[in-house]
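Student: here is the input, now give the coordinates:
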Amino acid sequence: MTISSPEPRGFALYVGLSETEAHAAGVTLAQLVNELKKTLTDVAPGAETHAAIALAPHGAGGRHLDIVRMALHDPAALAKLNPPKAKDDSAVVIDISRKRVLIDGESAALTFKEFALLQFLVLREGQTVKRQLIIEALWAEEEDEVPNARTIDVHVRRLRSKLGRYEDIVRTERGTGYRFDRHADVTIVYGTAPSPDMI
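Tutor: Numbers count the residues shown, from 1 in each chain. All right, here's what the predicted structure looks like:
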């Protein structure tokens, strides 16, 4: 069996520019995206394009380009953010790409919904997420048991119990919601593509 060499199929262009800076130049980010798409269509009519605006919390530091690359899950940027560790270095590994959590090398028995809840918080690291937003994102209206703002606490409690002594990576903001706080001994593996709930 012959293995063929890889074939280039396209490219990604990351642009670091805030909406404020774009306005100062007399344009908006949406206008820039449309102009770039138009140029590509003019130069290569068969080109397919997809654009995504990267969002960051107000006041978030760092270079625009670095924030864009991390927000859009550029593998090289994420590798710098999460350098590979020796197997025994991380007590907790949250593997977004494989949908699993390892605690001290053992796979935690999370249900699909428990992992989805943890992933939802991890992808919004440092942000307090309201209970209602969690419900709207993770439970479809047609599901038999859609939790209310109070019963979401039960789901979080079950998740925490399975995280064992690392339960405090999921923190409660009283009267508001929940927040993921990463410890030094927690590694997050994102994989090479953005999670669907970030689109």
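
Student: ok, S161 to E125 distance?
Tutor: Look at S161 and E125: by CB to CB, to the nearest Å, they are 22 Å apart. Heads up, the C-betas are built off the backbone N, CA and C, glycines and all.

Student: which of the helices and strands in the protein ranks last by mean pLDDT?
Tutor: Using mean pLDDT, DSSP states H and E, the weakest-scoring helix or strand in the chain turns out to be helix 75-81, at a mean of 65.

Student: and the next helix or strand after that one, what does it pack against?
Tutor: Tracing the chain C-terminally past helix 75-81 and defining elements by DSSP states H and E, one meets strand 92-95 next. Judged by 3 or more CB pairs under 8 Å, 6 or more residues apart in numbering; DSSP states H and E, the packing partners of strand 92-95 are strand 100-103, helix 112-122, strand 186-189.

Student: how about 7 Å then?
Tutor: On a contact count with 3 or more CB pairs under 7 Å, 6 or more residues apart in numbering; DSSP states H and E, strand 92-95 meets strand 100-103, strand 186-189.

Student: is it possible to get JSON lines of those strands that adds distance to A52 and mean neighbour count?
Tutor: Shown next, in JSON lines, are the helices and strands packed on strand 92-95 (distance: least, CB to CB, whole Å; neighbours: other CB atoms under 10 Å):
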{"stretch": "strand 100-103", "distance to A52": "26", "mean neighbour count": "18"}
{"stretch": "strand 186-189", "distance to A52": "20", "mean neighbour count": "18"}
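
Student: out of the ones you listed, the one nearest L133 is which?
Tutor: Of all the helices and strands packed on strand 92-95, strand 186-189 sits nearest to L133, with 20.6 Å by CB to CB.

Student: which helices and strands sit right next to the closest one?
Tutor: Looks like strand 186-189 contacts strand 92-95 (3+ CB pairs under 7 Å, 6+ apart).

Student: what sits up against the strand it packs on?
Tutor: Residues outside strand 92-95 that contact it (CB atoms under 7 Å, 6 or more residues apart in numbering): 101-103, 118, 122, 166, 185-189.

Student: so which residues make contact with stretch 24-32?
Tutor: In contact with stretch 24-32 (CB under 7 Å, 6+ apart) are residues 17, 19, 22, 53.

Student: what's the end-to-end length of that stretch?
Tutor: Stretch 24-32 has its terminal residues 13 Å apart, counting by CA to CA, to the nearest Å.

Student: quick check: buried residues in the longest helix along the chain?
Tutor: What stands out as the longest helix in the chain, according to DSSP state H, is helix 29-43. For helix 29-43, burial by neighbour count (16 or more other CB atoms under 10 Å) applies to L29.

Student: what are the buried residues along whatever helix or strand comes next after that helix?
Tutor: Moving toward the C-terminus from helix 29-43, the next helix or strand (DSSP H and E) is helix 64-71. For helix 64-71, burial by neighbour count (16+ other CB under 10 Å) applies to 66-71.

Student: now swap in stretch 122-136 and tell me
Tutor: Neighbour-count burial for stretch 122-136 [16+ other CB under 10 Å]: 122-124, 129, 131, 134-135.
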